[in-house]
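Trainee: Quick one: sequence plus predicted model below, questions after.
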Amino acid sequence: MRPKNYRPERRRSDQLHSGVYLALALLALWYVFAAWSFGGDAYTDYLLVVASGLIAITVAIPAALWRIWRSHPHEDLPDRSFRAWAQSEFRIWQDHVSGRNAAIEILLPVAAVAFGLSLLSVILHLTRH
């Protein structure tokens, strides 16, 4: 019989789930599309091409590293569902947090910028004379 205050040991990981990387890539794509809604003259379009290229590189480097890692899997890291990963503990430099909180804290800034820029774009197009 288990003691009353028994808590099973939670799994710990310092690896992000691939779903978090996919969500980051999709939010970056959304950000690029929202930024391009502000295009208009040649100088603005030039700056948007440069910004889009930087975002593409930012997404391409982790994607390439993930493909290399996937072709050389580790036996100690089982392929788990997102639900199992989110319920586990995620190790960070100072401490550890739940996987769900880690995913939220990682995705929230990118999502806020992408959604906010989309909202500004809609407001700009509705108020344009």
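Mentor: Sure, I can see it. The structure displayed is predicted, hence computed values, not measured ones.

Trainee: Please name the residues that touch the residue nearest the centre of the chain.
Mentor: The centroid of the chain falls nearest to L24 when counting by Cα atoms, centre = their mean (2.6 Å). For L24, the contact set (Cβ atoms under 8 Å, 6 or more residues apart in numbering) comprises V59, P62, I106, L107, V110. In short, each C-beta sits where N, CA and C put it, glycine included.

Trainee: So for it, what's the pLDDT?
Mentor: On the pLDDT scale, L24 is placed at 92.

Trainee: buried sites along the host helix or strand of it?
Mentor: Using DSSP states H and E, L24 maps to helix 18-36. Using 16 or more other Cβ atoms under 10 Å as the test for burial, helix 18-36 gives V20, Y21, A23, L24, A25, L27, A28, W30, Y31, V32, A34, A35.

Trainee: Could you pull out the helices in the protein for me?
Mentor: Using DSSP state H, the helices of the chain run over residues 18-36, 42-71, 82-87, 99-127.

Trainee: Pull the shortest one out as PDB, backbone CA atoms only.
Mentor: The C-alpha trace of helix 82-87 is given here as PDB (Å, rounded to 0.1, in the frame of the first residue of the first chain):
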ATOM      1  CA  PHE A  82       3.000  15.500 -27.000                       C
ATOM      2  CA  ARG A  83       0.600  14.800 -24.100                       C
ATOM      3  CA  ALA A  84       3.200  12.600 -22.300                       C
ATOM      4  CA  TRP A  85       5.900  15.200 -22.900                       C
ATOM      5  CA  ALA A  86       3.700  18.100 -21.700                       C
ATOM      6  CA  GLN A  87       3.000  16.200 -18.400                       C
END
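
Trainee: Is A102 in contact with Q87, as I believe?
Mentor: No: using Cβ atoms under 8 Å, A102 makes no contact with Q87, being 11.7 Å away.

Trainee: and these two? which has more neighbours close in?
Mentor: A102 (22 against 14; other Cβ atoms under 10 Å).

Trainee: check contacts around W36.
Mentor: Contact partners of W36, counting by Cβ under 8 Å, 6+ apart, are L48, S52.

Trainee: coming back round to it: to R11, which of the helices of the chain lies closest?
Mentor: R11 lies closest to helix 82-87 among the helices of the chain, at 7.6 Å (Cβ to Cβ).
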